[in-house]
Each structure stands twice: as C-alpha cells, then as structure tokens.
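>>> can't give you the sequence, but here's the structure:
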C-alpha cells in the first residue's frame, strides 16, 4: 500500500525499521496513529498483539523520527532572505522593516506560506514566529498555517517604547485577546513578543512576561544578538539587554531568548537561574552575526535550549550540522573537546529540547504516546548512510533533506517526497515570485554590498 494512502485510514499501525525514541534509534518498534496523535508506541510485537484489528504497514529501511522544531523564525520575511547575503549585522533596519512595511495582506500571506513550505521541506513540523511588524501580519500567518498545515507558535509584538499610557493599555488588551483566541485546527499556539528589550517599557516587559507565565506560553525576545544592540541598550537604559529584562522582572521560565550570542558569565548565570530558554541560531551567526552563542556551555549548565533558523535556511539537517560545527570551531578545538555534543545534543535541541524551549513539550517533539503525530519518514537506503555505525551522529553530519520521504503534522501527510498532495505549491511559488518583485522594487531597501555577480565584475581575477 502507498504510504499516503495508508495514512488516510482513521487508525494505522506503522512498523518502520528504526524509530527514534528519545534520541535513540530503536529497531523492532512500532506506532499507532489515531486522531492526529501517537495512540500507542512500543515494540512491534506488543502493538500487534494489542491492536489485532490493524494490518501493520511495514516500512523497511526507513526511520520514523520526530519533526524538527524551529525555535526562531520570521515567516513574513521570506521574500528578502537572499537579500541579506554578505550584509552587516543589523539588516532588520535596512531590509526587513522596509520590506515588511511594503507588503499588503496578500504579500504577507504569500511570504508566510512560502516560508512554511520551505520549513516543511526542511523537516520542520513546528516553527516559532517571533512576530511581524505589519498590522496585517498575524492574519496572514494564521491563514498560511491553516493552508500549509505547519504547527506555529505565533507571537504578537507588544513594543510600547515612545507610546503614551493609553496606547500601552491598548497593546495589553490586544495581547490578552491574542492569548485567549481559540484555533480549532490545533496548529496555532499563541505567544507574545518584544522585538528587543529596549523596544518596551519596564512595565510592558513585566506585564507581557507575567501574561505569558500565567498562560504557560512562550515570551519571545531577541536578546544580546549584536554589538550595536547592546550599545543601544546601554545608551538608552544604562543596562545590557538581558539586564533590562532582569530589572523589569521579565526573566523567567516563559522566556524564549533568541540568539543570546554576546553574554557575560553573570548573564549566563541569570539565564540558568531563571529557567529561561535560549534559541541557538548558528546559521544566523555565520551569515550576519557578531558572535556564536556559547551553546555547549549553556547546555552544560542546564539552560533549556532549542535550535532556530532565524529565517535563514530552513533545512533541519543542515541546521544541526551548523550547530555542531559552530561549537567545534569556536570552543571545542581550542580545548581539545573532540566530541562537542556527541551528536545527540544537537538532535535533541532540534526535536524534544526545542519543543520544551517553545513551551510545547506536552504537545510535540517526541514520538511518545499521547503527543501529536508530528514526525518525519526518513529513507535510510542511501549511500551517505551506508554502512551505518552511529545513526545519531550520522543524522547530524551526513543526512540531508532529500532523504525526507514524508512530513506528518498532527498525523496528516503534509508533504510527500518534498511536495504537498492537497494544494499547489508551484502556483504559490509563481505568485510569490511576482509579488516579491513588486515589493522589493517598492521598498526603500538599502544594501551595503553588491550582488555576487556585481562583486565578481568589480574585482576580476588576476590569476
């Protein structure tokens, strides 16, 4: 039976050759999918005995693993991701803000849908959107989530710096409404965000953190990402960004801090003691950063951590490879740490630990009874994994996106062999190309460096 056809049944027993259970690939295991969840997980023999009415679906040379969790994304910025290549760090001022402000609701919807498609193709079943600066952005993202079928932790931005008390109170009311909204699909999870700590008053920081804490959801903030942002905070508030959060009483287990690349020993201690989570974004560091987050140190100290793309490149396997490589180059080599996470660390951050950082550990991130069936079917019958000696390490260093045969979110096949079965991705891409051309032409985007072709012509080889 064809795999997508098999999953059309209300209940199905899958018997892959290997199943990734808590970061360990186990043979002889099976899962029962029902109502979008893992209804039963265990040895294939036991499950067949417990569910004799189900015909097993054998999946030889296949791995069933949890879907990847992207703990930091910007879904409405996908039109400009390739404009950031070779640019200085704070590109949000020169590219993202101007571009988002020149997207109408259709453009925002197309941008978010395109980003969701790319994320699913890269094996991400969940993305955490840090918020959009457009007034139409939330509606557009909600529509994209429903249509593409990706799971999304969606932040409403609550910046109030420079606004009067009345405007601040209106932001709080809208934040409360966002948290209280009901989404029948189960794919949207409310969150609140502050772009950077100095973009909000101490009162708003404390209020938003408390709202998120009470609701049990993530409070998303860009934190200590670039030298310029730290200097701005020192000038405006006399404190570094993380210190601003701490003083405002907004540093707690609800916090999902994106980046945290430039942190002092005291700040690392504050993150650890508060129970906050960090989104480690290694590709963002290599493309536009001032530094790489001390992820291994943070992990070793018990700080909750996930991996994020920051909207750079939505490929879960390459993200894990970048996470390990960045730590090896910035800390492991200097001290003779040849393991640098032993593979499993990055696999965990990309799945179960990432779900915990996003506030979704009771929803997704693992193959376990009762959790949503958000998972990937991986083809193991490839030269890169032949022979296979240590699949944990191999998934981090050798596996690639083309091995993802199926992407399931809430038990439904969202992609099969890289493409959706129930909507036209090619038509979406054609519309996105046209809309992106119009938006980029209209937006006052400022690039510091020329394109690759222009740079080559300006500096011809003398070889």
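Thanks, I have it. Note that the coordinates shown come from a computational prediction; the quantities given were computed from them, not determined experimentally.

>>> Grab the nearest non-local neighbour of residue 80.
residue 99 (4.7 Å; Cβ to Cβ, 6 or more residues apart in numbering). Where you see a C-beta, it was placed from the backbone N, CA and C, and this is true even at glycine.

>>> ok, now residue 187?
Nearest non-adjacent residue to residue 187 (Cβ to Cβ, 6+ apart): residue 151, at 5.0 Å.

>>> which residues does the one you found contact?
125-127, 145, 187, 189, 360, 363-364, 372, 374, 409-410 (Cβ atoms under 8 Å, 6 or more residues apart in numbering).

>>> In strands only, show me the residues you listed.
125, 126, 127, 189, 409 (DSSP state E).

>>> Any idea how many residues pack against the first one?
Looking back up the chat, that one is residue 125. Here the count is done by other Cβ atoms under 10 Å, and residue 125 has 30 residues near it.

>>> Domains in the chain, by residue range?
Using automatic domain parsing, the domains assigned to the chain come out as 3-65+368-416, 68-357.

>>> Check these for me and report the most buried one.
Ranked by mean neighbour count, these are led by domain 68-357 with a mean of 21 (mean count of other Cβ atoms under 10 Å).

>>> and residue 184, that's in a strand?
No. Assessed with DSSP: H, G, I helix; E, B strand; the rest coil, residue 184 is coil; it does not lie in a strand.

>>> Where does pLDDT dip in this structure?
1, 460-463 (pLDDT under 70).

>>> Repeat the analysis, applying 50 as the threshold.
Low-confidence segments of the chain (pLDDT under 50): 462-463.

>>> if I pick the most centrally placed residue in it, what's in contact with it?
Nearest residue to the geometric centre of the chain (Cα atoms, centre = their mean): residue 70, 1.4 Å. With contact taken as Cβ under 8 Å, 6+ apart, residue 70 is in contact with 119, 124, 126, 127, 128, 307, 308, 309, 314, 316, 319, 354.

>>> returning to what we had before: would you format the domains of the chain as TSV with distance to residue 446 included?
TSV is the format used below for these (distance: least, Cβ to Cβ, whole Å):
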stretch	distance to residue 446
domain 3-65+368-416	33
domain 68-357	4
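
>>> Mind checking these for the one nearest to residue 453?
Distance to residue 453, taken as Cβ to Cβ, is lowest for domain 68-357 among those, at 12.0 Å.

>>> starting at the chain centroid, how far to the closest one?
Relative to the centre of its chain, domain 68-357 is centred 8 Å away, using Cα atoms, centre = their mean, to the nearest Å.

>>> Stretch 31-38 too?
24 Å.

>>> what sits up against that stretch?
With Cβ under 8 Å, 6+ apart, stretch 31-38 has contacts from 7, 10-14, 19, 39-41, 47, 51, 54, 64, 186, 367-373, 410-412.

>>> Which members of the residues you listed are positioned in strands?
Counting by DSSP E, the contacts of stretch 31-38 contribute 11, 12, 13, 14, 19, 39, 40, 41, 64, 412 to strands.

>>> Quick one: those residues as JSON lines, columns for distance to residue 378 too.
Below are the ones in strands among the contacts of stretch 31-38 laid out as JSON lines (distance: Cβ to Cβ, whole Å):
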{"residue": "11", "distance to residue 378": "23"}
{"residue": "12", "distance to residue 378": "18"}
{"residue": "13", "distance to residue 378": "19"}
{"residue": "14", "distance to residue 378": "13"}
{"residue": "19", "distance to residue 378": "11"}
{"residue": "39", "distance to residue 378": "22"}
{"residue": "40", "distance to residue 378": "21"}
{"residue": "41", "distance to residue 378": "17"}
{"residue": "64", "distance to residue 378": "8"}
{"residue": "412", "distance to residue 378": "18"}
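
>>> residue contacts, residue 251?
209, 242, 245, 270, 271, 274, 276.

>>> got it, and residue 268?
Residue 268 touches 294, 297, 298, 301, 303, counting by Cβ under 8 Å, 6+ apart.

>>> any idea where the strands of the stretch 151-300 of the chain begin and end?
Assigned by DSSP state E, counting those that start in this stretch, the strands in the stretch 151-300 of the chain fall at 151-157, 188-194, 219-223, 255-259, 277-280.

>>> For those, could you give me TSV that also reports distance to residue 177?
Formatted as TSV, those follow (distance: least, Cβ to Cβ, whole Å):
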stretch	distance to residue 177
strand 151-157	9
strand 188-194	10
strand 219-223	17
strand 255-259	21
strand 277-280	25
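
>>> Could you point out which of the ones you listed sits nearest residue 106?
Residue 106 lies closest, by Cβ to Cβ, to one member of the strands of the stretch 151-300 of the chain: strand 151-157, at 19.0 Å.

>>> the inter-axis angle of that closest one versus strand 188-194?
Interaxial angle of strand 151-157 relative to strand 188-194 (axes from the mean of the first three to the mean of the last three Cα atoms, to 10 degrees): 30 degrees.

>>> Strand partners (parallel or antiparallel) of strand 151-157?
strand 124-129 (parallel), strand 188-194 (parallel) (DSSP bridges).

>>> Quick one: closest of those strands to residue 345.
The nearest among these, by Cβ to Cβ, is strand 124-129 at 18.7 Å.

>>> what angle separates that closest one from strand 219-223?
Using the same axes, to 10 degrees: strand 124-129 against strand 219-223 is 70 degrees.

>>> Please shift the residue numbers so they start at 844 in all later answers.
Let's use 844 as the start, then, which means that last one is strand 967-972.

>>> how big is the angle separating strand 967-972 from strand 1098-1102?
90 degrees.

>>> among the strands of the stretch 994-1143 of the chain, which is nearest residue 1239?
Taking the strands of the stretch 994-1143 of the chain one by one with Cβ to Cβ, strand 1120-1123 is closest: 14.0 Å.

>>> measure the residue nearest to residue 1030 to residue 880 for me?
Distance, residue 994 to residue 880, by Cβ to Cβ, to the nearest Å: 13 Å.

>>> same check, this time on residue 1047
Counting by Cβ to Cβ, the separation of residue 1047 from residue 880 is 37 Å.

>>> and residue 1283, what is it in contact with?
922, 923, 926, 942.

>>> if you set the cut-off to 10 Å instead, what comes out?
Contacts for residue 1283 were tallied using Cβ atoms under 10 Å, 6 or more residues apart in numbering; they are 922, 923, 926, 938, 941, 942, 945.
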